[in-house]
Every structure is written in C-alpha cells, then in structure tokens.
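Asks: sequence first, predicted model second:
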Amino acid sequence: MKLIKKIIVLVTITILISCQEKSKSKEQPAVPDSKPNIILIVTDDQGYGDIGVHGNSIIKTPNLDKFAKESLELTNFHVGTTCTPTRAGIMTGRNANRNNAWHTIAGCSILLEDEETIAEVFARNGYQTAMFGKWHLGDNKPFRPQDRGFQEVLYNGGGGVGQTPDYWGNDYFDDTYFRNGTPEKFEGYCTDIWFDEAIKYVEKSKDKPFFMYLATNAAHGPFNVPKEYADAYKDAELNDMQKRFYGMITNIDDNFAKLTNYLEKEGLAENTIVIYTTDNGTANGINYNKKTKETRGYNAGLRGTKGSHYDGGHRVPFFIRWPKGNLLKKAEINELVAHVDLLPTLTELSGISYTSKKELDGVSVVSLLEGEEKALDRMLVVDTQRKQWPEKGRNPCVMSTKWRLVNGSELYDFTKDPGQKENLADQYPEQVKKMQSFYDTWWKNIQSDIRYAQIPIGGEDKTSVRLTIHDLHTEENLPWHEGQIRDGKFHPEGYYTIKVVESGNYQFSLRRYPEESGLAISQEIESIASTSFQDGQPVGKGLEVLKAIVTIGDLDLTADVNSDATFASLNGYLEKGEYKLSCNFLNSKGERFSAYYTSIQKL
C-alpha cells in the first residue's frame, strides 16, 4: 500500500513539473543556447517589383532570388512611404508621426532624443551593435547613430550620399564617410564599402552575439553605379535612368551574396537571423512616358510608387532566414506585418525581455513566424505627410490583412485586388466606418506625441555645432542636395529649433559652402561632366551677398559680408533656453535667404 502511495506521489510530481515546463515554454520563446546574431538589411527605394522572384523578368537578382526561396517571406509587409518614416519605425516600433520623423527634410527627419531605439535595447541586453550606410535620422549630437545605441558606425550624412549634410564632394565613388562621427576617406563604390565594412565587423565580432543594421543608400538617386552594372542592362527596354537603377540593385545582389557566403564559410549562417527588406516603394523600377504613353519596367501590378499611400508606395519585399531557429522554412505568410513590428519581434526571437517605455504601434509576430498563429486581427495606418506639421486626413491608408481604406473614401480588397483598381466603399459601408473609426481613434492618440526635435548648442561638449539647411523648418523648397547648393538653387527663409544648454557668448559662422570645401561665399565652380552611368554636378554659380543676419529670440545680429571669404562671422550672448534660430544672408535686392550652412561655437 505504501509503495502504491509513493508511486502516486512521484507520478503527481512528474505531471506538475511537466505542466510547469510547458507553461514556461509558452511564456518564453525557444532560443538556442547561444543568442542569435541579427543582420537587418534595408535597401533604399527598391520596391516590391524590383526583384526577380516577384516576377520581374528584366532585373538580375539571382542571389536574392535564391535567398528568398530558402527563407520565410512576408508577402503583405509594409513600411513608410518614404525614407525617414520607415527608419524611425524600425528603430522604435512607433509610427513616424509620433517622433518627428514624418518628412525627409525640413527639420522633420530627426528622431526625437527621448525615443528608445532597437540598438539601445540590444546593447543593454549584452549584444554588440553596429550600423553601416544610411542613417537619415539626424546629423547632430545626440541624434547620430553612435548616440542612439550603435557602438560602431560608418555612415553618410543626411538622407543619402551627396546630400546637403553629407561630406562635400561625395558622389558614390571614392567618398568620405563618417566613422563614429569622424570623416574617413575610402576608395571604391559606396555599396561595396558598406558590405565590405560589414564583413570586417562580423570577422572581429563573431565570438559574441551582434545586432547589425546594414542600410544601403542605393538604389536612391542620383543613379550612379559602376559602369559594368549599367552596361548589364544596355539592351533592356528601359530608359537610361532605369538601367542605372536596375544596375544598382544588381550590385546590391552581388554584395549580398558576398556577405551570406562569408557567413556560410565561417559557420555563422545557422545561428544568424538575416532579414532583407527595403524602405519604401520603387523610385524608378517603372516609368510612364506621357508623350509616348509607353510604360517601361515592372511594378508587380501595384498601384503607386515611392511616396504613394497606395500599396505601391509601402508594400515591399521582406525575407527572413534563421536555420537554427523555429521559423517556418521556405514558406509564405500573407498576414499584415509592418516595419514597426521588428523591434518587439526580434527581441522576443532573441530571448530578450522587452517592455516599451512608450506606446508601440507594432507587435511581436513571433507566433505567426513560427506557425503557431495563422491570422492576425489588427489594423495599421500609413500616410505620406511631407509637410512641416502632420495633418489629420493627409494621404492616409488604413490597413488590415484583407482591406485598405485610402483617403477615408476608397476601399480595396487586397486579397482579390492587389492593384487597387475597384473601389468597394459603396458595397461595404460598415467596413469603411470601422476602419475610419480606427483611424480617428489612432490619430487622437498620437497627437500628444507630435513635436519638433531641438538641436542642443553649448554644454559640456565645446565642439562646434554645424546646422545645414537640410534641417531648416520651412514650407518652401530647400536645397537638400549638394547639386542644388552648387547651383545656388532655392532661397528659402525659415528657422531651426535649438536648445541653448549653457548661457554665454556664442559665435555664428554663416556659409554658402561647407567648411571642408574651402570655397568662398561667392565662388563659382566648374561643372562636373556626367557619363552614361553617373550624373554630373551643375556649375557652381556666383552668389551675391552683402550682409549676414542672425535672429534668435529677442537678439538680432548683423554683419557686413566679404563675398571672397568662406564665411561671415557674428558674435552674441545667449541665455540658456529653447529658441527658434534664423541665419540669413541679404543681397543687393533686399532679399533674405537662409545660409546653407551655419556653425555655432561657444566662446
């Protein structure tokens, strides 16, 4: 009898332990003994149709096609409609309207200082972190990638190579990039350099888990590419720009193979999560000629391209592979997933306990990726603001897995009509009402988050702060690219939002060209000729300037300008506080326009 009782007790204990273990397995994801490495690759302006595996018979992407077939593909994956909104969503899991990242220029592409990034989360949990390529979330401290959790960085300035905040003279070839904030000269093509540096990083970091963000500036314009890649499409029925655009993507494809082959050779592929995706719809994969009424290229039948709130602007490729993990293999999932889901998803896959400090728009989709859950009951919003301040009802698209509500009045069934040709709003008024109600509630929720970033001036760091017109708050056209600076193009007025950290005397140096150029304010520059595979730069026109004017709070500073000098200097005393700062030139016609570059130094 005693023996039977002992057996019963032992069986009961075994069952209880088993139940507890099952309970724990539901609470915590199954992670290999060693945490996975993560490589997140985000290319620029490559749309859903700009890859062979999606039916594009023109483009040459054999390595990506092979990777796609070996991976789990999310066929209903969405990002922002332009560069910065996507990057902010990836970094924070939050919609770009919440964090001053709803535009690509004009002071609205600077990720707010108090947002926690995916790099900060991984670094705090024992990961090595690195980023290579395009940042586009702020060029001043404390907004740079090295200030946001990335321990090693190599990046270009602004929204792309050759843009206003970038190092002067960069044109994709033999450029100067910023290594942890310090300029460093390189030889070679930009995309080759990003991938080569990424491989070097893996080589020295492979003994500990790492999170790497590899964000190419290609295939963003100008469409500069090594000649052999442009020539690969010389016989294709594409215009010249498209041939170079496609060539840039084929170059990415070759570099992608170089990286994945290295992972295989070093035995790292099994426990490395590799993700390949892009930041918005195609910029030049398809072209419609209004004169000839000819369409060249391919867009997978989608409506809209980069910047559009129709699916062609924000539905993009997404492939994820982790051989050692529990992800579905060689599969497709058509449920609605978005860039804002990456932070909560990747932390869960890595076994990191993560609770956001702020409200997320994204969710973890691990159960979907592992096949435990078949459907997601959710809605998300994407819009295209591109203005100084987000406006309710400006280019909205409310999404579910099945439906798209565009502009509050157009309803499309994505599962049957991915090209968004048939508006079903009249047939399904209750669905329209439901999705519009979600949008109204969501918009009300985000409004308290909307504000501008403030660039700090002074404080413990005594180094000079450089402001570029790229970050000027204005509704006017502004010169966001070096070519427009050279051409003396666009003369907007506007202001910067700054925070003076410490009261004191400050020097303002107003420039037409950046300091590293050594060029005078009025100096003309010879044009750089273009080739069949590279855009040239326009001639640098002379610029007449008589006076320099700085306005900040109640302080107005004025100085005469020597046009043969490289800058105009003005000094003034500033009290600690938050300000709107205007830095203008004045010409003989009495016209004011913002200096293209302004350096501020505490004396």
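Replies: Alright, I've got the coordinates.
Asks: tell me the strands beside the longest strand along the chain, with direction?
Replies: In the chain, with assignment by DSSP state E, the single longest strand is strand 577-586. Next to strand 577-586 in the sheet, as set by DSSP bridges, lie strand 496-500 (antiparallel), strand 547-552 (antiparallel), strand 592-594 (antiparallel).
Asks: would you mind measuring from the closest residue to residue 50 other than its chain neighbours to residue 279?
Replies: The shortest distance from residue 50 to any non-neighbouring residue, by C-beta to C-beta, 6 or more residues apart in numbering, is to residue 285 (4.4 Å). (C-beta placed from N, C-alpha, C; glycine too.) For residue 285, the distance to residue 279 (C-beta to C-beta, to the nearest Å) stands at 14 Å.
Asks: got it, and residue 239?
Replies: 23 Å.
Asks: can you check residue 492 too?
Replies: For residue 492 relative to residue 279 (C-beta to C-beta), the value is 26 Å.
Asks: what of residue 320?
Replies: Using C-beta to C-beta, which is the criterion applied here, residue 320 is 17 Å from residue 279.
Asks: out of residue 492 and residue 279, which sits in the more crowded spot?
Replies: More neighbours surround residue 279 than the other of residue 492 and residue 279, with 29 against 17 (other C-beta atoms under 10 Å).
Asks: residues in contact with that one?
Replies: Contact partners of residue 279, counting by C-beta atoms under 8 Å, 6 or more residues apart in numbering, are 42-45, 79-80, 82-83, 86-87, 215, 316.
Asks: ok, now residue 105?
Replies: 159, 470-471, 478, 480.
Asks: point to the residue nearest the middle of the chain.
Replies: residue 87 (3.0 Å; C-alpha atoms, centre = their mean).
Asks: worst mean pLDDT across the helices and strands of the chain, which element?
Replies: helix 2-27 (a mean of 42; mean pLDDT, DSSP states H and E).
Asks: list the buried residues for stretch 479-493?
Replies: 479-488, 490-492 (16 or more other C-beta atoms under 10 Å).
Asks: relative to the helix or strand just after the least confident helix or strand of the chain, what are the paired strands and their orientations?
Replies: Later in the chain than helix 2-27, the nearest helix or strand by DSSP states H and E is strand 37-43. Strand 37-43 has its sheet partners listed here by DSSP bridges as strand 210-215 (parallel), strand 272-278 (parallel).
Asks: report the buried residues of stretch 362-374.
Replies: 362-366, 368-370.
Asks: and for stretch 232-250?
Replies: Taking 16+ other C-beta under 10 Å as the criterion, stretch 232-250 shows 232-233, 236, 238, 242-250 as buried.
Asks: what's the longest strand of the chain in contact with?
Replies: So strand 577-586 is contacted by 454, 467, 473, 493-500, 508, 510, 512, 521, 543, 545-553, 561, 568, 592-595, 598 (C-beta under 8 Å, 6+ apart).
Asks: buried ones among those residues?
Replies: If we count by 16+ other C-beta under 10 Å, these have these buried: 454, 467, 473, 494-500, 508, 510, 512, 521, 543, 545, 548-552, 561, 568, 593-595, 598.
Asks: and the next helix or strand past the helix or strand where residue 88 lies?
Replies: If you go by DSSP H and E, residue 88 is part of helix 83-92. Moving toward the C-terminus from helix 83-92, the first helix or strand encountered (DSSP H and E) is helix 118-124.
Asks: please point out which parts of that next one sit buried.
Replies: 118-123.
Asks: show me which of those is closest to residue 417.
Replies: residue 118 (34.2 Å; C-beta to C-beta).
Asks: can you tell me the closest non-neighbouring residue to that closest one?
Replies: residue 343 (4.7 Å).
Asks: helix/strand/coil for that neighbour?
Replies: What DSSP: H, G, I helix; E, B strand; the rest coil gives for residue 343 is helix.
Asks: for it, give me its contacts.
Replies: 90-93, 118, 121, 354, 356, 360, 362.
Asks: quick one: buried ones out of the residues you listed?
Replies: For the contacts of residue 343, buried by 16+ other C-beta under 10 Å: 90-93, 118, 121, 354, 360, 362.
Asks: from these, which shows the smallest pLDDT?
Replies: Lowest pLDDT among the buried ones among the contacts of residue 343: residue 354, with 95.
Asks: would you mind measuring from that one to residue 118?
Replies: 10 Å.
Asks: cool, residue 319 as well?
Replies: 19 Å.
Asks: got it, and residue 588?
Replies: Taken as C-beta to C-beta, the span from residue 588 to residue 118 is 51 Å.
Asks: report the distance from stretch 511-523 to the chain centre.
Replies: 29 Å (C-alpha atoms, centre = their mean, to the nearest Å).
Asks: one more: stretch 75-92?
Replies: 7 Å.
Asks: and it, what's buried?
Replies: Here stretch 75-92 shows 76-92 as buried, counting by 16+ other C-beta under 10 Å.
Asks: CA atoms of it as CSV?
Replies: Output in CSV follows, covering the C-alpha atoms of stretch 75-92 (Å, rounded to 0.1, in the frame of the first residue of the first chain):
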residue,chain,number,x,y,z
THR,A,75,4.1,38.9,-48.8
ASN,A,76,2.0,41.6,-47.1
PHE,A,77,4.8,43.5,-45.4
HIS,A,78,4.6,47.3,-45.2
VAL,A,79,6.8,50.3,-44.3
GLY,A,80,6.6,54.0,-44.6
THR,A,81,6.1,55.7,-48.0
THR,A,82,9.5,57.4,-47.8
CYS,A,83,12.9,57.0,-46.3
THR,A,84,12.9,58.6,-42.8
PRO,A,85,9.4,57.4,-41.7
THR,A,86,10.5,53.8,-42.3
ARG,A,87,13.8,54.1,-40.5
ALA,A,88,12.1,55.7,-37.4
GLY,A,89,9.5,52.9,-37.3
ILE,A,90,12.3,50.2,-37.5
MET,A,91,14.3,51.9,-34.7
THR,A,92,11.4,52.5,-32.3
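Asks: if we can go back for a sec, with distance to residue 66 and pLDDT added, can I get the contacts of residue 279 in CSV?
Replies: Formatted as CSV, these follow (distance: C-beta to C-beta, whole Å; pLDDT from 0 to 100):
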residue, distance to residue 66, pLDDT
42, 20, 98
43, 17, 98
44, 22, 98
45, 23, 98
79, 23, 98
80, 28, 98
82, 30, 98
83, 28, 97
86, 25, 98
87, 27, 98
215, 22, 98
316, 19, 98
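Asks: residue ranges for the strands of the stretch 451-600 of the chain, please.
Replies: 455-457, 465-468, 496-500, 504-511, 547-552, 555-560, 568-574, 577-586, 592-594, 597-602 (DSSP state E, counting those that start in this stretch).
Asks: the ones you listed: which one's closest to residue 227?
Replies: strand 465-468 (31.4 Å).
Asks: who are the packing partners of the closest one?
Replies: On a contact count with 3 or more C-beta pairs under 8 Å, 6 or more residues apart in numbering; DSSP states H and E, strand 465-468 meets strand 455-457, strand 597-602.
Asks: what ranges in the stretch 351-500 of the chain fall below the confidence cut-off?
Replies: Along the stretch 351-500 of the chain, the model assigns pLDDT under 70 to no residue.
Asks: let's go with 80 and repeat that
Replies: 460-462 (pLDDT under 80).
Asks: could you do the stretch 501-603 of the chain as well?
Replies: In the stretch 501-603 of the chain (pLDDT under 80), the answer is 526-530, 532, 537-542.
Asks: before we move on, the earlier item: mind putting the contacts of residue 343 in a markdown table, distance to residue 459 included?
Replies: Compiled in a markdown table, those are given as follows (distance: C-beta to C-beta, whole Å):
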| residue | distance to residue 459 |
| --- | --- |
| 90 | 29 |
| 91 | 24 |
| 92 | 25 |
| 93 | 30 |
| 118 | 27 |
| 121 | 26 |
| 354 | 31 |
| 356 | 29 |
| 360 | 31 |
| 362 | 34 |
